[in-house]
Structures are given as structure tokens and as C-alpha cells.
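Q: When you get a sec, could you give me coordinates for this:
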Amino acid sequence: MMFRRIKTIAGGGAAAVLAAAGMALAAPAVADMGTAVIPKQIIYPGEEISAGVVEEVDVTNPKLAGEYARSVGEVTGMISTRTLLPGRTILLSALRAPYAVKRGSAVRLAFSMGNMTISAAGTPLQDASVGDVIRVRNTDTGVIVSGTVMADGTVQVMAR
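A: Got it, this is the predicted structure:
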């Protein structure tokens, strides 16, 4: 097992005291390895991950390697690119940001040079996340231009 869920010890007696002492000795080692995020249910490719379908657990396997999610905040709102199984760590390479623009939708093109700004309507030729460089068709002229997707959903056109 790569990690364990922390449980409280209920009851009394010598067994409980010994178990508590054992957990007290093991706790620092577990705390040093950090946490990992695992799904509670199967998450299929293309699904958005919500906080309710994942949980944070303590890592107990010192050989666990790779770039896996360590907090629920890292995966909330992200889209799965492959099937994620319950009880297995979520690799960061299996996630992508949601698309800011979708192919065929209407977007605003913006071109700036000095104090001059030109804007026009456009249609993306592909899905893209914020920061991606994509090709967009100007709906007025039919000319295809390249630009960077901005956080507000506009596309900042590049000069040739």
C-alpha cells in the first residue's frame, strides 16, 4: 500500500496504549513523506474533477516517485486526460486546464501596436486553454491568423 488513512484509536487498555505509542513513533516518518490525492471513484477522460470525488491521504511508501498531485486544490477544476482509478495517485501529466475557447465558437480578436488597437470577430479552428497559440479565422475577411488565448477569452493576434 502506498498510503494510509489516519484513524483515531478508540478504547483503552494496554493494547491501545502500545498502538498509540507505535503510531506516535511512525507519525513523523509519515509526515515527512507528505500527502497525495486519490480519486474516490473512477474518473473518465474529459471529466472535470471536483473536490467531492477526490481525497488527500498520507503517503507511506518511500518509493513512490513521480509528479503526482499533493493537494486537492491542485486537481479541482482540472480535466482528466486519462482514466483515473480509485485508490491510485493522480499524476499531474494526466490533467489539463479546461478550454478557454472552443472550436467554432465566436471570439474577439485583438491586435495592438503602440497606441493603436484593432479588434474583430473570429472563429477558433481548435480548442485551446489560456496561453495556447492557436489559429483563428477572421469572420469578416476569412483570413486565418495566429494568436494567443487570453484569460478573458479573447485572442491576442501576433504580428507577422
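
Q: Every contact and neighbour count from this point should use C-alpha atoms.
A: Will do.

Q: Check what pLDDT Gly11 gets.
A: Note on Gly11: pLDDT of 47.

Q: Next SSE downstream of the longest strand seen in the chain?
A: Looking across the chain with DSSP state E, the single longest strand is strand 116-124. For strand 116-124, the following helix or strand on the C-terminal side (DSSP states H and E) is strand 133-138.

Q: Adjacent strands (with direction) for the next helix-or-strand element following that next one?
A: Going down the chain from strand 133-138, the next helix or strand is strand 144-149, by DSSP H and E. Applying DSSP bridges, strand 144-149 is found paired with strand 133-138 (antiparallel), strand 155-157 (antiparallel).

Q: now, of those strands, which is deepest in the fold?
A: Most buried of the strands paired with strand 144-149 by mean neighbour count (mean count of other Cα atoms under 10 Å) is strand 155-157; its value is a mean of 24.

Q: Let me know how buried Lys88 is, in neighbour terms.
A: Careful, residue 88 is Arg and not Lys. Neighbours of Arg88 under the rule other Cα atoms under 10 Å: 15.
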